[in-house]
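>>> sequence and computational prediction follow.
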Amino acid sequence: MNKIKIDVISGYLGCGKTTFIQKLIKATENERIVIIENEFGDIGIDGDILRDKGLDVVELEKGCICCTLKLNFLKSLKDIVEYMKPTRIIVEPTGMALLSQILGIVLDENNKEIQDNCKLNSVITVVDGENYLDQVELFGDFFNDQIRNADKLIISKSQYITQNELDNIVNSLKELNDNAILISENWDSIDSDKFLKIIDDNKETISKELYIGDVHKAMQGVSSVLVNFNNPLNVEAFKNAVESLKSNNYGLIMRGKGYINYMDDKNPEVRRYAEFNYVGNNYELENLNTKKSSEICIIGKDLKEKEILDLFKF
């Protein structure tokens, strides 16, 4: 019997894990795939995106696979194996997860049902090319754990940075993990066959000797704030509020995501919908064709919840 492949797609907040998974799905379109999705914060955007593609997504409640949701994660794995019987399980943990603890669950020899029916196929950490060098200085505990325990390191957004910046990232990654396969080319230049070959290339590079990070130190001071909007927004007022987040007066903003419902510039009676993404002091609004609840989630360190909620009162 062929064992079910488990691919763990790790990476810091906003690095591009979901985009990477969509490319992986395209490369494995003839397989039966189930995705286990775990997001930090109150809004499950990534799960929505993948479900909109017609994919089977099992979402874990708010929390982190490696901490409060260990038992839920293990139960989800067992249920997927028993009832859904896929050929491949893709695990996308929150960007705040310690990879070592997730792998500890998957590799635990006491979890006989998982060991008998599944094999750990790939341990991938996606690295944000635009923001890594700044982020690693601030959140070294996360990066040490996610990078040292990966068997493949995939740099995202490499087309948006200089060759010198890319070289610095590659050197930094090799210092932390010189054994991993490292991919730094633009993802758009990789065809599906080559992409799948990279993913399934597991020449004994997955080690059971895990680098164990300090989860409590890594998570200290990290929280999320949910902002709900009852009425359609003036999009310019929303943008001004988002710009204010960059001032550090509201805590260290690590990630923002969600959906907004806003008034059309030319006709205020017309409603528009957009997906909101904030990473590394940059943000974007992508227009949507479907209605969404108007709410955003701000994730960060030492957040000032009241001030953030007041900022978005229009």
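Happy to help now that I have it. Numbers count the residues shown, from 1 in each chain.
>>> part of a helix, is residue 165?
Yes - assessed with DSSP: H, G, I helix; E, B strand; the rest coil, residue 165 lies in a helix.
>>> shaky segments in the stretch 201-314 of the chain?
202-219 (pLDDT under 70).
>>> now do the helices in it.
Here the stretch 201-314 of the chain has its helices, by DSSP state H, counting those that start in this stretch, at 215-219, 235-244, 305-311.
>>> now render these as JSON lines, adding distance to residue 25 and mean neighbour count.
For every residue, glycine as well, the C-beta is placed using N, CA and C. Shown next, in JSON lines, are these (distance: least, Cβ to Cβ, whole Å; neighbours: other Cβ atoms under 10 Å):
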{"stretch": "helix 215-219", "distance to residue 25": "29", "mean neighbour count": "15"}
{"stretch": "helix 235-244", "distance to residue 25": "31", "mean neighbour count": "14"}
{"stretch": "helix 305-311", "distance to residue 25": "35", "mean neighbour count": "15"}
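>>> for the ones you listed, give me JSON lines that also has distance to residue 159.
Formatted as JSON lines, the helices of the stretch 201-314 of the chain follow (distance: least, Cβ to Cβ, whole Å):
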{"stretch": "helix 215-219", "distance to residue 159": "30"}
{"stretch": "helix 235-244", "distance to residue 159": "25"}
{"stretch": "helix 305-311", "distance to residue 159": "33"}
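>>> hang on, isn't residue 27 packed against residue 199?
Yes - counting by Cβ atoms under 8 Å, residue 27 does reach residue 199; the two are 7.3 Å apart.
>>> between the two, which has more neighbouring residues?
residue 199 (24 against 20; other Cβ atoms under 10 Å).
>>> is the more buried one in a helix, a strand, or coil?
Quick answer, by three-state DSSP: residue 199 is helix.
>>> right, so of the helices of the stretch 201-314 of the chain, which gets closest to residue 227?
helix 305-311 (6.3 Å; Cβ to Cβ).
>>> the stretch 1-150 of the chain: helices as residue ranges?
Using DSSP H, counting those that start in this stretch, helices in the stretch 1-150 of the chain cover 17-27, 45-52, 70-79, 99-107, 112-117, 132-138, 140-148.
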